[in-house]
Structure formats: structure tokens, C-alpha cells
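[1] everything below, folded, please.
(chains A and B)
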Amino acid sequence: MAKRTEIVDVLKASKVGDTITVKGWVRAFRSNRFVALNDGSSFKTLQVVIDEEKIEEAIVKRIGFHACIAATGVLVESQGAGQKVELVADSVEILGDNDLSAYPLQPKKQTMEFLREKAHFRMRTNTFSAVFRIRHGVAFAINKYFNDNGYYYMHTPIITGSDAEGAGEMFHITTFEPNKAPTTEDGSIDYSKDFFGKATNMTVSGQLQAEIGALAMGKVYTFGPTFRAENSNTSRHLAEFWMIEPEVAFADIYEDMDLAEDFSKYIIKYILENYPDDLAFLDKRIQDMEKNMKKELRRPMSLTDTLKFVIENDFARITYTEAIDILKRSKPYKKGKFEFPVDWGIDLQAEHERWLVEKHFKKPVIVRDYPKDIKAFYMRMNDDDKTVAAMDVLFPGIGEVIGGSQREERLDKLRKRMQEMNVHEDELQWYLDLRKFGGAPHAGFGLGFERIILFITGMANIRDVIPFPRTPGNAEF
RNA sequence: GCUUCUUUAGCUCAGUUGGUUAGAGCGCCGGACUGUUAAUCCGUAGGUCCUAGGUUCGAGCCCUAGAAGAAGCGCCA
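    Numbering: from 1, shown residues only, chains lettered A, B, ... in the order given. Modelled structure (predicted):
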């Protein structure tokens, strides 16, 4: 087999006159002569010119939409307008025929809902290949940012014996056959006979274990899959999603916010610099889609301009109490336009967060110092004894992207909070040990990987930024 | 889990007040085409009108139940 040159390298490094072999999938075949070939190495396609005299008709007939071919020939300057160079094929080999009479995809716009059902084919489209190249880029940028800043990548468990992580319903893990599980005398399932000798679940967060790392190695982060068995039916929730959770010893809530802002901006900047073709395509896609929409429903800025705006401006920072005051003075509140009440002590609703971010501040907003009753047991109590050192980073269009806090490092206060919130000490003895034996102030946050990708790609549904989405009622592939 | 909307050809959709044989564009299939850029042009085929039951002389259209999908809300990341 001839050694292939990847199309990204052909367009970057190959010279006119070079003889090369390329391999990829046919995006379009026009005039029985022009193949737009894509091999995934970049957004761009290479035009392969089929010469009637050199390629036999039987082969030409098999060059169809999304068929896989190899082409060998000489790179020349293109006579056409759409590209600088093109490959004049001396030989073409069909690597994989495509039976178009049964193939569901078409060389035209298809709905996201339809493509979602064909998840094994959707990565072949411009939109999804762009999204998944960017998904890779974001994952890489995350690891690079933390590595370059002295953090250690820590792998927290996916199967956990703790059910007190406090972040939602869990999927249970067992090797028992349904209806054949051994029971104890009182009729409940006897997990002491199960694989791990106790009840186990899929993790909902690696934070508590990451705190173990931070209190030994200083700065750590987790980046892995997370599972929530919540019956959430929205375009922003998945049952299986990836989460990034840095945890930093000696940091307070303010350093935590600085990290969240710097980190978000770094990732966005990295994608702007390294994936301009993919971003430009996604940007144009949104603009085409919004052409037929009312002006007030369109994005206020293009995708690229939104991303640039975010990295060039400081995030707004307010306390929860200030947020309530601003909301109470707002026009929609005075006109009774909010569906939910605005009162100190209640959680901010999506409509309130959206108004703050999209109408009032018009940029990302960090809200901090929430009432203790609406936040988790491990968040550090403020001096007012009413609020905790928690913060949420809210992004336009998606709402909460990051949720974090300074953790309660004072043993007595942590115990009191656990009692108040009915968290059993015996299950989290190790967590209390971290305070008892050489504890330290520390802080961290959780970032929803798919949510930041939603923001960067401008996609509308979280199911379209993960290759195989798991949602209530759906675990295909 | 709640509210609303949707379901007609492979895809995206139209289908009037309940009335004969169910419509379009794209795709597919066949043909033409050596400078195309979602190529273009000509022609053919293609239907469990989501499912089950009901009303009616007659149902794609009305009623009941169910299924699937979407948007919004709640929970959160």
C-alpha cells in the first residue's frame, strides 16, 4: 500500500509537482470529474480531479457520496476558483463502496434530531466533525492549562462506595441478577454478598476524592466521566457527562474565582487560535440558520465575536445578595414578568440568571456567597453565619457552567453542617480525617465539559456535542 | 417529573369544511455532462399517513388510549 499523506499536510506542506497518495471519504463528486475528499485531518477538503483517460469507468462509477477512496497523482495549481491546489489522479482505488440506495445521509442540511439517531454516521458531516475536533481541542487545552500551571491530573474512582457525594441521584452498580439478589432477615438486599461487599454506585462527582489529592499534593484536577440518574429532560443535561474538577490547597473563594475565569478564558483562546476553520464553519452555520428568525431571537453577536468578547472582558462579580437587589430593581421584576418570585433565600431561577447575564451585565457573571440552605454541606460557612463561600459562573445562553466553593476546613463547623443536612458521619469518616489530621483551607470547582463545548461551538443541544449521548430513555451505541 | 408542540415517501415538509387514485423539493435509481464548488439538465420508481381502538355511508383530517421526538420548566454541571 502506498503511504498516504494526510490532507492537512497536503494543504500545509506539499508542493506543486509532488506525487502523493491521499485516502479519505468523498464529500461530493461533481461533473463526473471533481471529488471533494476529506480525511478528517482538518475541516478542509482536497479536490481530486478524475481524468477520464486514466481512470476506468467502472471505478469512476463507484466514486459516490461518502465512499472511501485512495487517490495517487500529482499536485497541481487549481484552475477552479474554490481552491489553490488540487490532485490530478493517476490512479484511484475504492477502499470502501457506499451503497447509496440504502444510505441515510444526504449531501444537504439534515436535522440534528435525525442525525442523532444515526450517531454512527453523523461524525462524517461538516458540523459534527467540526464539533468533535473542537471537543478534542478543549480536552487538550484543559490538560495543557493545568499541566502548565503545576496541577496534577488525578484519576478519581468511577465506581464509588460513597453515596453521600450529594450531587444527585446515582446509578447503582451490582453483579446481582435482577430478582435473584440475596436478602437479609428484614428483606432488604444483602450487599455484603455483592462483588464489593457493599452497595456501590457510579460517581456523581470526583470532588471529595480530589480534596484528598489537594491536601497532599497541593494542586490537582480530575477530568472524567460522571453519572447522574436524574430524570432531566433538557438540552443542557446528560446522564453521562464529563466533568473537570480542580481542587487547590491554600486557596480561598476569591482565588477560586480567579482560577475559574482565567481557566475559561484560556480554553476559549486556545480554540480561537487553533480551530479557526471549524469555528468559522459553525459560525456561518448559525448565521444561515438565524436568517429566517426574528431579530430579537438572533444572537446579539456572531459566535466568534462572542468568544472574543468573553476573553477580552472581565467577568462580572457580584454576591448573591447583590444579585437579589439588582433583580428587585429590574424592569421585568417591577412589571411582574418573572414567573418565579425573587426573595433572599430562594435559589436563582434560570430566568433570573439569564436576565442577569444576557440583559443586565451582557457578559459572564460570577455570583458568590449563596444562602447556606440552598448549598451543599461541604461549603465553607461565612462569618455572617447565613451564607457560604460558594460561587457559580453563569454564561450567556447556557446558564451555569461552573459551580465551586471554598471547602469547610474547620472540623466542628463541618460536623455541624453535616448534622443539619442529615449527612451521616460514619460514611465520610475519611473526609473528616482530612480536617482532623493536617487540614488546610482549600477550594475548587466543577466545570461541565459538554457545557463549555456548547458555548464554544454554539450548538443548541448538549446531545450534539458528545459522540454518544445518554439521556433518560436513550443509551444507543 | 410537569407544561406545550410535533409525528404523512429515504430526508425536509404541504395536504382546504371529513369526500374519487396522497403532493412538492431534495435524495435514490436510469440517462446526459471534461472546470465543478450543496454542480446542472432530462426521466422513472418510491406511502403501515407513528400504533391500537372508536365515531361516520366515508378518516391523513374528528374522539380515546399509548409510543417516539422536540422546546420550556424543575434538579444541576
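[2] so which bits of the stretch 151-300 of chain A are right by RNA strand B?
    With Cβ under 7 Å from any atom of the strand as the criterion, the stretch 151-300 of chain A comes near RNA strand B at residues A:167-168, A:205, A:228, A:230-239, A:241, A:243. From N, CA and C alone the C-beta is placed, and that goes for glycine too.
[3] so which of those residues belong to strands?
    If you go by DSSP state E, these have A:241, A:243 in strands.
[4] can you turn the buried part of the residues of the stretch 151-300 of chain A next to RNA strand B into a ChimeraX selection?
    The ChimeraX selection below is limited to those of these classed as buried (16 or more other Cβ atoms under 10 Å):
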select /A:167,205,228,236,237,238,239,241,243
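[5] among the residues of the stretch 151-300 of chain A next to RNA strand B, show me the least confident.
    Lowest pLDDT among these: residue A:167, with 67.
[6] could you point out which element follows the host helix or strand of residue A:333?
    Assigned by DSSP states H and E, residue A:333 belongs to helix A:331-334. Downstream of helix A:331-334, the first helix or strand assigned by DSSP H and E is helix A:350-354.
[7] check contacts around residue A:171.
    Shown in contact with residue A:171 (Cβ atoms under 8 Å, 6 or more residues apart in numbering): A:201, A:202, A:227, A:229, A:239.
[8] what is the burial count for the residue nearest to the last one when sequence neighbours are not counted?
    Closest residue in space to residue A:239, ignoring its immediate chain neighbours: residue A:470 at 4.4 Å, by Cβ to Cβ, 6 or more residues apart in numbering. Applying other Cβ atoms under 10 Å, we find 18 other residues in the vicinity of residue A:470.
[9] what helix or strand is residue A:445 located in?
    Counting by DSSP H and E, the element that carries residue A:445 is strand A:442-448.
[10] in PDB, list the C-alpha atoms belonging to that strand.
    Coordinates of each C-alpha in strand A:442-448 appear next as PDB, following Å, rounded to 0.1, in the frame of the first residue of the first chain:
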ATOM      1  CA  HIS A 442      -8.800  24.800  50.100                       C
ATOM      2  CA  ALA A 443     -11.200  25.500  47.300                       C
ATOM      3  CA  GLY A 444     -12.200  24.100  43.900                       C
ATOM      4  CA  PHE A 445     -14.900  23.900  41.300                       C
ATOM      5  CA  GLY A 446     -16.700  21.700  38.800                       C
ATOM      6  CA  LEU A 447     -16.900  22.600  35.200                       C
ATOM      7  CA  GLY A 448     -19.300  20.800  32.900                       C
END
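[11] is RNA strand B within reach of it?
    Yes - using Cβ under 7 Å from any atom of the strand, strand A:442-448 reaches RNA strand B at A:446, A:447, A:448.
[12] kindly state the beta-bridge partners for the first one.
    Translated: residue A:446. In this entry, residue A:446 is beta-bridged to residue A:403, by DSSP bridges.
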